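Student: A structural model of the following input is requested.
(one chain, ligands or ions: 2)
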Amino acid sequence: MAEVQRVTVLGAGSWGTAFAKVLGDAGRDVTMWARRPEVAAEIRERHLNSSYLPGIELPERITATADPAEALDGAQAVVLAVPSQTLRTNLSEWSGLLPPDAILVSLAKGVELGTLKRMSEVIAEIARVDDGQIVVVSGPNLAKEIALGQPAAAVLACTDHDNAKAIQQASFNQYFRPYTNTDVVGCELGGACKNVIALSCGMAAGLGLGTNTTATLITRGLAEMARLGAKLGADPLTFAGLAGVGDLVATCSSPLSRNRTFGERLGRGETLEQALAATGGQVAEGVKSCTSIRELAMGLGVDMPITDAMHRVCHEGVDPRRAGAELLGRSQKHEWS
Ligand SMILES: NC(=O)c1ccc[n+]([C@@H]2O[C@H](COP(=O)([O-])OP(=O)(O)OC[C@H]3O[C@@H](n4cnc5c(N)ncnc54)[C@H](O)[C@@H]3O)[C@@H](O)[C@H]2O)c1
Ligand SMILES: O=P(O)(O)OC[C@H](O)CO
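Tutor: Residues are numbered from 1 along each chain as shown. Ligands and ions are numbered 1, 2, ... in the order given. So this is what the prediction gives:
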C-alpha cells in the first residue's frame, strides 16, 4: 500500500475545509481548490476560510488556489467536496486533469436527481475509473465540530480495502478516527437518506413536538433506509454503524445540521424559498435527495413513507402538519414488515 502524502481537496465549503484540516493535522500536504479566488487567497495567505468556518485556524501546510490544474498537479488522492447535484458538472470540468492513479475520495451525501445514481457511481462514470479507486467518506461528521477538533469517527468505504486503508492512514489524527468498510452501497445510502430524515426531525421540532417524535422519526427513518439498502444489496450491519445510526443521531439532533435547520424552518411555517434563502448558499442535500431517493425506492417497490412525506412537503406544497397526520394515519402494520 503506497503512502498518500499529497492530497488535493476540490471544494472549499464547510466539509471540504474541515476535511482538509483533518488531513493537514494528520501531517499531509494539502492543496485546496476554491471556486472563488478570494476564498483561495484567504486560505493561502491567512489560513482562514471565514465564509464557511469563521474563527477556525487552518494548518499552515494547507495551501489553496482557484486554478484546478494547479490544485491537481501531483495529487496522490483527490477529495471531491462539492454538492451532490453539481458533482457531475464539476467533475466533468476536472476529469482531464485528474492524475490517473489518484485515489478519488467522495465526501458528498446524496443521490443524483434524474439518473438516481449514488455519488461513487457518478464519479466512476465521469472519471472513468474502476470503483476500487473510489473511497466514500461517511458518518457523524458535522463540519464545525470536526474543525474545532472535537473527537469523531467516520467510515471510509471502498471495494478495494488497500485504498480505504491508504486514506485511513492519511486522515487519522488525535481527534478523527476513521474505520474502513467495504460496503460502499450501504455507506452511501446511509449518508444520503439521513439528510431526509433530519429534515423531518427539524420539521417536527419546528412544529413544537418533542423527543418521542424525534426518536420515532430516527428509528422509523432507519427502518426505511435499511429496507432500501437491503433491496440494493447493502450489508444490514452498515445501518447499525457510523454511516447509519451514527449519522442519523448526529444530524437529526444537532442544531448545526443544515438539513435539520431547514426542516425546522418549514415546520415553523416558512416557505421553501424562505428556508432556501436562509441557508446562505450552503447545501441542505435532503431537499433534493428526498425526490431522488423517493423515485429510487418507488422503482424498486420499497416503502419509504417519511421520505415520501418530505418530498410532498418540500415540492408539492403539502403542509407539514398534514404530512405528519397522514404518516400517523397509514394502515396498521407489524414493526418489521
Ligand atoms: N458540512 C458538513 O458538516 C458535512 C459533513 C459531511 C458531509 N457533507 C457533505 O459534503 C458535501 C459538501 O458539503 P459542504 O458542507 O462542504 O457544502 P457547502 O455548501 O458548505 O460547500 C460546497 C462547496 O462546493 C463548491 N461548489 C462548486 N461548484 C458548485 C456549484 N455549482 N454549486 C454550489 N457549490 C459549488 C462551493 O463553492 C463550496 O465551496 C455535501 O454533499 C454534504 O452533504 C457535509
Ligand atoms: O449539516 P448537514 O445536515 O448537511 O449534515 C452534515 C453531516 O452530513 C453530518 O454528518
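
Student: what about residue 219, which helix or strand?
Tutor: Of the helices and strands defined by DSSP states H and E, residue 219 is found in helix 211-231.

Student: can you tell me what sits against that helix?
Tutor: 185-186, 189-190, 193-194, 196-197, 200-201, 204-205, 235-236, 238-239, 244-245, 248-249, 252-253, 293, 296-297, 300-307, 335-336 (C-beta atoms under 8 Å, 6 or more residues apart in numbering). C-betas here are computed from N, CA, C, even on glycine.

Student: filter those residues to the buried ones?
Tutor: 185-186, 189-190, 193-194, 196-197, 200-201, 204-205, 235, 238-239, 244-245, 248, 252-253, 293, 296-297, 302, 304-307 (16 or more other C-beta atoms under 10 Å).

Student: out of the residues you listed, list just those in helices.
Tutor: 185-186, 189-190, 193-194, 196-197, 200-201, 204-205, 248, 252-253, 293, 296-297, 305-307 (DSSP state H).

Student: quick one: the strands in this protein, in order.
Tutor: 6-10, 29-33, 62-65, 77-80, 103-106, 134-138, 152-157, 176-181 (DSSP state E).

Student: okay if I get those as a markdown table plus distance to ligand 1?
Tutor: A markdown table is the format used below for the strands of the chain (distance: least, C-beta to the nearest ligand atom, whole Å):
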| stretch | distance to ligand 1 |
| --- | --- |
| strand 6-10 | 8 |
| strand 29-33 | 9 |
| strand 62-65 | 11 |
| strand 77-80 | 9 |
| strand 103-106 | 9 |
| strand 134-138 | 7 |
| strand 152-157 | 9 |
| strand 176-181 | 12 |
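
Student: looking at those, which is nearest to ligand 2?
Tutor: Of all the strands of the chain, strand 134-138 sits nearest to ligand 2, with 7.8 Å by C-beta to the nearest ligand atom.

Student: output the set of residues of this protein in proximity to ligand 1.
Tutor: 11-16, 35, 52, 81-84, 86, 90, 107-110, 141-143, 282-283, 285 (C-beta under 6 Å from any ligand atom).

Student: and if we set it to 5 Å?
Tutor: Counting by C-beta under 5 Å from any ligand atom, the chain comes close to ligand 1 at 11-16, 35, 82, 84, 86, 107-109, 141-143, 282-283, 285.

Student: narrow those to just the buried residues.
Tutor: 11-16, 82, 84, 107-109, 141-143, 282-283, 285.

Student: give me the subset of those that also touch ligand 2.
Tutor: Okay, of those touching ligand 2 (C-beta under 5 Å from any ligand atom), that's 141, 142.

Student: return the subset of the buried ones among the residues of the chain next to ligand 1 lying in helices.
Tutor: 14, 15, 16, 84, 143.

Student: identify the farthest-apart pair in these.
Tutor: By the measure C-beta to C-beta, 84 and 143 form the most distant pair in those, at 15.7 Å.

Student: follow-up on the earlier one: which parts of the helix holding residue 219 are buried?
Tutor: 213-214, 216-218, 220-229.

Student: swap in stretch 67-75?
Tutor: Buried residues in stretch 67-75 (16+ other C-beta under 10 Å): 68, 71, 72, 75.
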